[in-house]
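A.B. asks: how would this look folded up:
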Amino acid sequence: MNQLSATLQTLFGQSVKQGIVMVEIDWPSGTVYTHDGVGPVYANQETWYGVGQFANMSKIQDSSKDDGFTLTLQTASINDVAEAVKDDAVGREVRVYLGGLDSDMRLVEMHPLTAGYINSTPVSYGKPPTITVECVGVDYRWNFAKRHTSYNATIQRELYPTDSYCDDVESVASSPLTSYSSENAVTRTSGAAGQHVIRQLK
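C.D. replies: Numbering: from 1, shown residues only. Now for the predicted structure:
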């Protein structure tokens, strides 16, 4: 974690220290801006909504390692629960900040604490229901690279500019198989050593 700015060091050096943990989540239906205090806070041209005692965050150690961190939110809103279950947020980024408040509870400055990527979003149907956002670091994502890799024509062309193997992936996935035109059909032919060689027909 980077050292706090002189402003925050002075602020937290006072006898009365007022701070909040601010969380920015790149959720599929729209970025979520929230903090663990009460009421709205305005920063970076966005409104960060307080969730108070209904939210919790695990101890931050080092998000670049496999342990990561976990966010939880208790909610009585059926819509929030339904959205958490429906949306696939895995792989999206989460940023956590420390915010310093003045004596009037206004945000003075925010400092980046950590960042990670959503690994899972389990929901517990207790009373009240609890939405959990489990976050991991970059190292963890590299250990499971296939889980966070997109397989499409664009990615294939970036890796192999002359390879048209994935050019028809989108059309095949979005249309009935009976409509496939076979413009990039694949066949097998026997090589000199008797092995099967795959080639593309143009």
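
A.B. asks: what does the longest helix anywhere in the chain rub up against?
C.D. replies: Of all the segments assigned as helix in the chain under DSSP state H, the longest by residue count is helix 78-86. Here helix 78-86 makes contact (C-beta atoms under 8 Å, 6 or more residues apart in numbering) with 29, 73, 75, 121, 123, 125, 129, 131. For glycine as for every other residue, the C-beta is placed from the backbone atoms N, C-alpha and C.

A.B. asks: looks to me like the first one is in a strand.
C.D. replies: Read it as S29. No. Per DSSP: H, G, I helix; E, B strand; the rest coil, S29 lies outside any strand segment and is coil.

A.B. asks: my read: it touches D87, true?
C.D. replies: Yes. Between S29 and D87 a contact is recorded at 5.9 Å, counting by C-beta atoms under 8 Å.

A.B. asks: which of these two has more residues huddled nearby?
C.D. replies: Per other C-beta atoms under 10 Å, whichever of S29 and D87 has more neighbours is D87, with 13 against 9.

A.B. asks: show me the contacts for the closest residue to the more buried one other than its chain neighbours.
C.D. replies: Excluding the flanking residues, the one nearest D87 by C-beta to C-beta, 6 or more residues apart in numbering is P28, at 4.3 Å. P28 is in contact with 87-89, 92, counting by C-beta under 8 Å, 6+ apart.

A.B. asks: D168: which of those residues is nearest?
C.D. replies: Distance ranking of the contacts of P28 against D168, using C-beta to C-beta, places D88 first at 24.3 Å.

A.B. asks: given the helix or strand encompassing V96, what are its sheet partners and their directions?
C.D. replies: With secondary structure defined by DSSP states H and E, V96 is part of strand 93-101. Strand 93-101 pairs in its sheet with strand 19-25 (antiparallel), strand 107-120 (antiparallel), by DSSP bridges.

A.B. asks: give me the residues contacting the helix or strand that the last one is followed by.
C.D. replies: Going down the chain from strand 107-120, the next helix or strand is strand 123-124, by DSSP H and E. In this structure, residues lying in contact with strand 123-124 by C-beta under 8 Å, 6+ apart are 81, 84-85, 129-132.
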